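Trainee: Quick one, fold the following:
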Amino acid sequence: MATRGVSLHDVSIALRPFYFAVHPDRFARNPRVRKQNEKSLQVFNGYLNDLFPVSNTIRPTDVRFSILNKENNDLQDIDITLSGTDPMRIVSYLRKKKRDHPRNDLGSMLRTSRDDALRKSKEAELTRLTLKDDIDDIKWRTGAKDVVWQMDWAESHMRRCLGNLSRLLDQATPKIKDTVIHALYKNVLRFGRGSFVCCDGSIQLGADNVPEQWEQVCLEASVRRSQLPQLREAAADLRQLLGGAVVIIPHHKGLAQTLQQIQSLGIRLRNKEELLQELAKHGQDTMVEVVTSYDELAVGQDGRLLIPCNVDVASLCAFLKDSAEASRSVNKTMLQYMTELEVDRLDCERHLGLSSLEWELGMRPDEVLQCVRRLREVDDETRQNLRGLGIKLSFNPNVFVMSDGRISVPLNWI
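Mentor: Below you'll find the predicted structure:
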């Protein structure tokens, strides 16, 4: 069985700068370009989807996008021929094909925008102080252990969510109010996408949900938390079936869905008794995470094996045989990178006098490490202009000042 070390999600992350450049919403004032890019994206995404798994009907196809050329402030057409079944070859091809040179000159941007960054940093600090007061108020009223913001939206959205929760507590009936407080008491409150009880028993309230949905998840909290022992048992059973593999359960995922997925996979494996010995043999000393039925078998960036809950067991057995050793090797390498990265991050912060140095989720640790080491060696002028500021390494191809005053820097900054 031929397997890949890359998933559709990995490809989507690698293509974020491309998607950013061609997104139809960037051309709202030009209906022709907007419609063209929208149609081309549909064809482009359809072609990529046919690679996971590879479709027998896939055919080469041509698409055209328009992008903004910042050098002459004009539109530039890009004609792309999609062919082949190697997704990373397509990623490399697009990176070469896209001739839009982003504004990624760090030194030049700092010379003109340092004052703006400092101003926004001070404003953001005042916002954070106000936000802390709002968080402390919610913790005092509910007994919540902590409040965590799990969205990449601006902090102002978190303040709105805290305000909505405070109003819910003010306006709810005594029974509903007691239910909400009981659900949050001595637990972590998360604001994220969707409302549910998490795998560690914490409560997530959807930042994009209405208070009525928050009430519902709090009403169901006791019942959901009673499933935590079942989740641990299902994970232990899967661990045994896979020869002692480490079963990763991300604490922030939904408890009900995760339990259903792990139980479903366990039942599938036990129904193939003739393959159990092979599964245990090849699954030994690996890390696995059970994913949705819409995902595919893949080796994650940190070496974990991503296994769909509805996987064909024979295919899983072949996948483990082909990929288990590579998984262990990747995991060992990534652990080394992560250790080095934390040391280099702290060193870079101290050397440049940064207030913070962070990066977006999904970035490869080895690429981030290279970027951090390059940052440490910037010239004296750039180092002086960075002092006191924060940096966030981003998939966005441009260097710019974020709303909180941090500097967004792409990995390929110059």
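
Trainee: For the protein, just list every one of the strands.
Mentor: Remark: strands assigned in the chain by DSSP state E are 61-69, 74-82, 146-149, 188-192, 196-197, 203-206, 246-247, 287-291, 298-299, 305-308, 356-359, 390-394, 400-401, 407-410.

Trainee: Comparing the ones you listed by mean pLDDT, which bottoms out?
Mentor: Lowest mean pLDDT within these: strand 74-82, a mean of 75.

Trainee: contacting residues around Asp344?
Mentor: Leu369, Val372, Arg373, Arg376 (Cβ atoms under 8 Å, 6 or more residues apart in numbering). Where C-beta positions appear, they are placed from N, C-alpha and C, glycine not excepted.

Trainee: Most neighbours among these, which one is it?
Mentor: With neighbours defined as other Cβ atoms under 10 Å, the most crowded of the contacts of Asp344 is Val372; it has 22 neighbours.

Trainee: Hmm, Arg345 and that one touching each other?
Mentor: Yes. Counting by Cβ atoms under 8 Å, Arg345 is a contact partner of Val372 at 5.9 Å.

Trainee: closest to Ile176 out of the strands of the chain?
Mentor: For Ile176, the closest of these is strand 203-206, at 14.3 Å, according to Cβ to Cβ.

Trainee: So in that sheet, which strands flank the closest one, and in what orientation?
Mentor: Its sheet considered, strand 203-206 pairs with strand 188-192 (parallel), strand 196-197 (antiparallel) by DSSP bridges.

Trainee: Just name the most buried of those strands.
Mentor: Most buried of the strands paired with strand 203-206, by mean neighbour count (mean count of other Cβ atoms under 10 Å): strand 196-197, with a mean of 24.

Trainee: what's next to that one, contact-wise?
Mentor: Residues outside strand 196-197 that contact it (Cβ under 8 Å, 6+ apart): Ile203, Gln204, Val217, Glu220, Ala221, Arg224, Arg225, Gly254, Leu255, Ala256, Gln257.

Trainee: Give me the spatial nearest neighbour of the third one, chain neighbours excluded.
Mentor: With Cβ to Cβ, 6 or more residues apart in numbering as the measure, Ser195 is the residue that lies nearest to Val217, at 4.3 Å, once sequence neighbours are left out.

Trainee: So for Pro31, which of the strands of the chain sits nearest?
Mentor: Closest approach to Pro31 among the strands of the chain is made by strand 61-69 (12.0 Å; Cβ to Cβ).

Trainee: Adjacent strands (with direction) for that closest one?
Mentor: In the sheet, strand 61-69 lines up against strand 74-82 (antiparallel) (DSSP bridges).

Trainee: Give me the buried positions along the partner strand.
Mentor: Residues of strand 74-82 classed as buried: Ile78, Ile80, Leu82 (neighbour count, 16 or more other Cβ atoms under 10 Å).

Trainee: can you give me phi and psi for the residue nearest to Val217?
Mentor: The phi/psi pair for Ser195 (degrees, to the nearest 10) reads phi -110, psi 130.

Trainee: Check Cys199 too.
Mentor: According to degrees, to the nearest 10, Cys199 has phi -70, psi -10.

Trainee: That one is in contact with Ile249, isn't it?
Mentor: Yes. When contacts are counted by Cβ under 8 Å, Cys199 is listed as touching Ile249 (5.1 Å).

Trainee: Compare neighbour counts for these two and give me the winner.
Mentor: The neighbour comparison of Cys199 against Ile249 (other Cβ under 10 Å) goes to Cys199, with 22 against 17.

Trainee: which ones are touching the more buried one?
Mentor: So Cys199 contacts Leu231, Ile249, Pro250, His251, His252, Lys253, Gly254, Leu255, Thr258 (Cβ under 8 Å, 6+ apart).

Trainee: Quick check: the last one vs Met287, distance?
Mentor: Relative to Met287, Thr258 is positioned 16 Å away (criterion: Cβ to Cβ, to the nearest Å).

Trainee: Count residues in the vicinity of Pro410, would you?
Mentor: 20.

Trainee: For Val63, see how far away it is.
Mentor: Counting by Cβ to Cβ, the gap from Pro410 to Val63 is 24 Å.

Trainee: In helices, which of the contacts of strand 196-197 appear?
Mentor: Mapping those onto helices (DSSP state H) picks out Val217, Ala221, Arg224, Arg225, Leu255, Ala256, Gln257.

Trainee: From those, keep the buried residues only.
Mentor: When the ones in helices among the contacts of strand 196-197 are checked for burial by 16+ other Cβ under 10 Å, the buried set is Val217, Ala221, Arg224, Arg225, Leu255, Ala256.

Trainee: just how off-centre is stretch 232-242 within its chain?
Mentor: Centroid separation for stretch 232-242 versus its chain: 26 Å, with Cα atoms, centre = their mean, to the nearest Å.

Trainee: Alpha carbons only: can I get that stretch in PDB?
Mentor: Extracted in PDB, the C-alpha atoms of stretch 232-242 (Å, rounded to 0.1, in the frame of the first residue of the first chain):
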ATOM      1  CA  ARG A 232     -10.400   6.300  29.300                       C
ATOM      2  CA  GLU A 233     -11.500   2.700  29.000                       C
ATOM      3  CA  ALA A 234     -11.900   3.000  25.200                       C
ATOM      4  CA  ALA A 235      -8.500   4.600  24.900                       C
ATOM      5  CA  ALA A 236      -6.900   1.800  27.000                       C
ATOM      6  CA  ASP A 237      -8.600  -0.800  24.900                       C
ATOM      7  CA  LEU A 238      -7.400   0.700  21.700                       C
ATOM      8  CA  ARG A 239      -3.900   1.000  23.200                       C
ATOM      9  CA  GLN A 240      -4.000  -2.800  23.900                       C
ATOM     10  CA  LEU A 241      -5.200  -3.600  20.400                       C
ATOM     11  CA  LEU A 242      -2.300  -1.600  18.900                       C
END
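
Trainee: Other residues contacting that stretch?
Mentor: In this structure, residues lying in contact with stretch 232-242 by Cβ under 8 Å, 6+ apart are 245-247, 249, 259, 262-263, 265-266, 269-270, 276, 279-280, 283-284, 286, 288, 290, 320.

Trainee: Now intersect those residues with the helices, please.
Mentor: Leu259, Ile262, Gln263, Leu265, Gly266, Leu269, Arg270, Leu276, Leu279, Ala280, Gly283, Leu320.

Trainee: and which of the residues you listed is nearest Leu106?
Mentor: Checking the ones in helices among the contacts of stretch 232-242 against Leu106 with Cβ to Cβ, the nearest one is Leu320 at 44.0 Å.
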